[in-house]
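A.B. asks: Fold the following, please.
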Amino acid sequence: MRLCFRALPAAILALLLSGSAHAQAVIRGRVRADSTRAAIPFAVVEVRGVRSTQASVSGVYTLGDLPAGSHTVVARAVGFQPFELPVEIAVGDTVDVDLLLLKSATQLAPLEVVASAGRALGKMARFEDHRKAGLGRFYDRQALVARGDGATVAGLLRATAGLRLVQLPSPCVGSAAASARGVGSVEVPARMTCLGGTPLFMACYLTIMIDGVITWTWGEPDPPNVEGIGLGEFQAIEVYRGPSELPIELNRTGSACGMLVLWTRTGENP
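C.D. replies: This next block holds a predicted model:
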């Protein structure tokens, strides 16, 4: 069963499903934009006080091993209003819930670039433009496949000189991508915390762009976890280790530490 809930402040919602032989319950689903139903990548989803996770690039999340009872599901993503949903689950429940978030006024608009005739079409034309400039590190589909089955974004970044992965503190899991630059004025301020109030390590975290849209920018809370994100989801990846490597169109406020640019697979250049 799949249910969709709108992020309306007055909503009072509960989910009741029959129990099973399993001792724990599971809540799973996808985080989407309320207006377009488009997936929201890397949203943070939490069963408050119990467990948290990060949605995939496709917005899919799973929260398992949950105790029966009354809980509150919280979803957050950069550019969207936080959303809370009261949930009642029984022993052994597996509940499918699509969380629909409302855009906030600070949502960043995508850049628009027109490709000239005779060049690669669609979003990959921008990747080729950036690669021709000769700055940063570029991995096309062939290079990503060559890294083998099971390869992850985290593994790719670990092999890139000038970068480091910073362990996210409890209750967050995984690692965030950061520049190898030392502590300085460009560090993320200490006010940044994971769910539960645990301060993040000071680091120069990379801004994240997916298909031309900024999904997380330096200075925002909860940098995305890059562990477990498979390279098979992407057509190409660009890595910039600092502002000096960024193309003019990407060199903007909030990218002082560099940028990770992800191009998802949509059938282009299979």
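A.B. asks: Can you give me the neighbour number for residue 240?
C.D. replies: By other CB atoms under 10 Å, the residues close to residue 240 number 27. C-beta coordinates here come from the backbone N, C-alpha and C atoms, glycine included.
A.B. asks: Any idea how far stretch 204-222 is from the middle of the chain?
C.D. replies: Put simply, stretch 204-222 sits 9 Å off its chain's centre (CA atoms, centre = their mean, to the nearest Å).
A.B. asks: how about it: buried residues?
C.D. replies: Using 16 or more other CB atoms under 10 Å as the test for burial, stretch 204-222 gives 204-212, 214-220, 222.
A.B. asks: gap between the two ends of that stretch?
C.D. replies: 13 Å (CA to CA, to the nearest Å).
A.B. asks: How about stretch 230-243?
C.D. replies: Taking CA to CA, stretch 230-243 runs 26 Å from one end to the other.
A.B. asks: Give me the buried stretch members for that stretch, please.
C.D. replies: 231, 234-243.
A.B. asks: for the helix or strand containing residue 215, what is the average pLDDT?
C.D. replies: According to DSSP states H and E, residue 215 maps onto strand 213-216. What strand 213-216 shows for mean pLDDT is 86.
A.B. asks: who does it touch, helix- and strand-wise?
C.D. replies: When contacts are defined as 3 or more CB pairs under 8 Å, 6 or more residues apart in numbering; DSSP states H and E, strand 213-216 sits against strand 207-210.
A.B. asks: Pull up the per-residue confidence for residue 139.
C.D. replies: If you check residue 139, the pLDDT there is 94.
A.B. asks: Please name every helix or strand in contact with whichever strand or helix holds residue 157.
C.D. replies: For residue 157, the element it lies in under DSSP H and E is helix 153-158. Here helix 153-158 touches strand 163-167, strand 175-179, strand 234-240, strand 259-264, going by 3+ CB pairs under 8 Å, 6+ apart.
A.B. asks: quick one: contacts for residue 99?
C.D. replies: Residue 99 makes contact with 5, 7, 29-32, 43, 45, 73, 75, 83, 85, according to CB atoms under 8 Å, 6 or more residues apart in numbering.
A.B. asks: okay if I get these as a markdown table plus neighbour count?
C.D. replies: Shown next, in a markdown table, are these (neighbours: other CB atoms under 10 Å):
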| residue | neighbour count |
| --- | --- |
| 5 | 19 |
| 7 | 17 |
| 29 | 23 |
| 30 | 21 |
| 31 | 27 |
| 32 | 19 |
| 43 | 26 |
| 45 | 26 |
| 73 | 24 |
| 75 | 25 |
| 83 | 24 |
| 85 | 19 |
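A.B. asks: So which of those are in strands?
C.D. replies: 5, 29-32, 45, 73, 75, 83, 85 (DSSP state E).
A.B. asks: a markdown table for the residues you listed, including pLDDT and distance to residue 160?
C.D. replies: Putting the ones in strands among the contacts of residue 99 into a markdown table (pLDDT from 0 to 100; distance: CB to CB, whole Å) gives the following:
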| residue | pLDDT | distance to residue 160 |
| --- | --- | --- |
| 5 | 53 | 40 |
| 29 | 93 | 33 |
| 30 | 92 | 30 |
| 31 | 93 | 28 |
| 32 | 91 | 32 |
| 45 | 92 | 29 |
| 73 | 93 | 35 |
| 75 | 92 | 31 |
| 83 | 91 | 35 |
| 85 | 90 | 38 |
